[in-house]
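Novice: The sequence isn't on hand, but the structure is:
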């Protein structure tokens, strides 16, 4: 056998090995797409609850970045597999197909490095919220939704597990889950709501219970549907203004609105606990006060 024939044979074998390698790389690319897809399914199902429904959870930011990273990787791998597959039809393009099918390896490595460098860090342990011009520093476990900037109508809310007012996101929440709210209001802010309830209840049965004035419908069938089945408790200050309005609805919960100066506190508790309304109000005020930042203090951020 001449050197020329040996050279052509070696070249032919090299081409065959490259073609087999190209087919193998494209096959592995499709397997990688399938594996990444199987990873994305439980990650999306588990992560959706936290990322979309519990966005203040500390693991929400890294989990969101992990979901985004795996989805980007999946889209890129699938795109490479689709592009490389038809290139296998022609012998001259099989080398290109192998390169395209191999490209997800370095790209995925870069995505992993980027996630570990920038996306793995947990969310802040505290959030700054405003009520009017006053600042509050609230732990993430209370899911503090509300104003991030000062303003005349700025306010925010907390999510707690009643009756202990435990932080909702601090482990498994038990009991009656509810939101507490604090916002600035105008004077006599509850007067309009009080008159509206008097109209909704229809013929009134007025009385006194649990140290509060009481309103109930004498004939619920003649009041506003569903609303007429509610019971309203209220109290006035020395000037005759409504400063407390508690609405206990047919849903077996009481919504408590309390005016203190130009601030309105709102809390909820089971209707069966209406006799302890004063305790719920005091704990609501104390909880918000515990997060207040004194004027002139520096914000402590993570």
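Specialist: Yep, that arrived. Every value quoted in this text rests on a predicted model; they were computed, and no experiment measured them.

Novice: Buried residues in stretch 269-289, which are they?
Specialist: Residues 269-271, 273-274, 277, 280-281, 283-285, 287-288 are the ones in stretch 269-289 that count as buried (16 or more other CB atoms under 10 Å). C-beta here means a position set from N, CA and C on the backbone, and glycine is covered the same way.

Novice: hmm, which helix or strand of this structure has the shakiest average pLDDT?
Specialist: The helix or strand of the chain with the poorest confidence is helix 3-53; it has a mean of 75 (mean pLDDT, DSSP states H and E).

Novice: mind putting the buried residues of stretch 269-289 in a markdown table, secondary structure, pLDDT and distance to residue 153 included?
Specialist: Shown next, in a markdown table, are these (DSSP: H, G, I helix; E, B strand; the rest coil; pLDDT from 0 to 100; distance: CB to CB, whole Å):
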| residue | secondary structure | pLDDT | distance to residue 153 |
| --- | --- | --- | --- |
| 269 | strand | 88 | 26 |
| 270 | strand | 88 | 30 |
| 271 | helix | 86 | 30 |
| 273 | helix | 88 | 31 |
| 274 | helix | 90 | 30 |
| 277 | helix | 92 | 27 |
| 280 | helix | 92 | 25 |
| 281 | helix | 94 | 23 |
| 283 | helix | 93 | 25 |
| 284 | helix | 94 | 20 |
| 285 | helix | 95 | 20 |
| 287 | helix | 94 | 22 |
| 288 | helix | 95 | 17 |
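
Novice: Can you say which two of those are spatially most distant?
Specialist: Using CB to CB, the buried residues of stretch 269-289 reach their maximum pairwise distance at 271 and 288, which is 23.4 Å.

Novice: Just give me the neighbour total for residue 290.
Specialist: The number of residues packed near residue 290 is 10, by other CB atoms under 10 Å.

Novice: residues in contact with it?
Specialist: With CB atoms under 8 Å, 6 or more residues apart in numbering as the criterion, no residue contacts residue 290.

Novice: what sits against the closest residue to residue 23 other than its chain neighbours?
Specialist: Of all residues not flanking residue 23 in the chain, residue 88 sits nearest, at 6.3 Å (CB to CB, 6 or more residues apart in numbering). Applying CB under 8 Å, 6+ apart, we find residue 88 in contact with 22, 23, 26, 94, 97.

Novice: any idea how far residue 88 lies from residue 75?
Specialist: 21 Å (CB to CB, to the nearest Å).

Novice: got the contact list for the host helix or strand of residue 244?
Specialist: Residue 244 is part of strand 242-248, with elements assigned from DSSP states H and E. Strand 242-248 is contacted from outside by 188, 190-191, 193-194, 197, 212, 230-237, 254-260, 271, 274, 277, 281, using CB under 8 Å, 6+ apart.

Novice: now those: which count as buried?
Specialist: 190, 194, 197, 212, 230-234, 254-259, 271, 274, 277, 281.

Novice: In strands, which of these appear?
Specialist: By the criterion of DSSP state E, membership of these in strands covers 212, 231, 232, 233, 234, 254, 255, 256, 257, 258, 259.

Novice: Tell me if I'm right that the first one and residue 277 touch.
Specialist: By that I understand residue 212. Yes - at 7.3 Å, residue 212 counts as touching residue 277 under the criterion of CB atoms under 8 Å.

Novice: joint contacts of those two?
Specialist: Shared contacts of residue 212 and residue 277, defined by CB under 8 Å, 6+ apart, are found at 233, 246.

Novice: low-confidence ranges in the stretch 151-300 of the chain?
Specialist: 162-163, 171-176, 222-226, 228, 250-251, 296-300 (pLDDT under 70).

Novice: Show the residue spans covered by the helices in the stretch 101-250 of the chain.
Specialist: Taking DSSP state H, counting those that start in this stretch as the test, the helices found in the stretch 101-250 of the chain are 104-114, 191-201.

Novice: Format those as JSON lines; extra columns: distance to residue 125.
Specialist: Shown next, in JSON lines, are those (distance: least, CB to CB, whole Å):
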{"stretch": "helix 104-114", "distance to residue 125": "24"}
{"stretch": "helix 191-201", "distance to residue 125": "37"}
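
Novice: Kind regards, and thank you for your time.
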